[in-house]
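Asks: what would the 3D arrangement of this be:
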Amino acid sequence: MNALNLSPLFRTAIGFDRLARMADSAAAADQSYPPYNIERTGEESYRLTMAVAGFGPDDIELTVKENTLLIAGRVAPCSEKTELLYRGIAGRAFERKFVLADHIVVDGADLKNGLLSVGLKRVVPEAMKPRRVAINGASNDDAVPSIQAA
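Replies: Next comes the predicted model:
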């Protein structure tokens, strides 16, 4: 696979090192387990749905740190004394990382019928939203008096 060379960008741009890290992590994340979907559910909301059959709520950990969502699953060993003849449901531990865009927050998580659904939404701070700036103009009372020739 060809490597992406971003060094020409870094000669004239400042602060794009995070972009390079995101590109590197996306190229390295060639995992297929567990399978997942990412859906857009509204103008500013998304849903990540991950198939986690065999995992319970206590077996899955969601962590958000520095614009990265980490989902980790670890199944506790079964204490039943049964002999497993065939394993078709994967129960292996996993760690899956998702890079979140700026201002994306986790809105909640739900585990139902073997599917983990994580709600995400964009929450732009008031300081970052566009705002209208009033233009102050001189009214007749505040006008500079004109100079008249004598």
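
Asks: all strands of this protein, in order?
Replies: Under the criterion DSSP state E, strands of the chain are mapped to 36-40, 45-51, 60-65, 68-73, 94-99, 104-112, 115-122.

Asks: the third one vs strand 115-122, what angle?
Replies: Taking axes from the mean of the first three to the mean of the last three CA atoms, to 10 degrees, strand 60-65 and strand 115-122 form an angle of 20 degrees between their directions.

Asks: and for the first one?
Replies: Angle, strand 36-40 to strand 115-122, by the same axes, to 10 degrees: 40 degrees.

Asks: in this structure, what spans have low per-residue confidence?
Replies: Within the chain, the stretches falling below the threshold (pLDDT under 70) are 1-31, 78-79, 138-150.

Asks: same thing but at 90, please
Replies: Judged against pLDDT under 90, the low-scoring parts of the chain cover residues 1-33, 53-54, 66-67, 75-92, 99, 101-103, 123-134, 136-150.

Asks: Gly56: neighbour count?
Replies: Around Gly56 sit 11 other residues, with neighbours defined as other CB atoms under 10 Å. Where you see a C-beta, it was placed from the backbone N, CA and C, and this is true even at glycine.

Asks: switch to numbering from 11
Replies: I'll keep to 11 as the first residue from here, and by that count the last item is Gly66.
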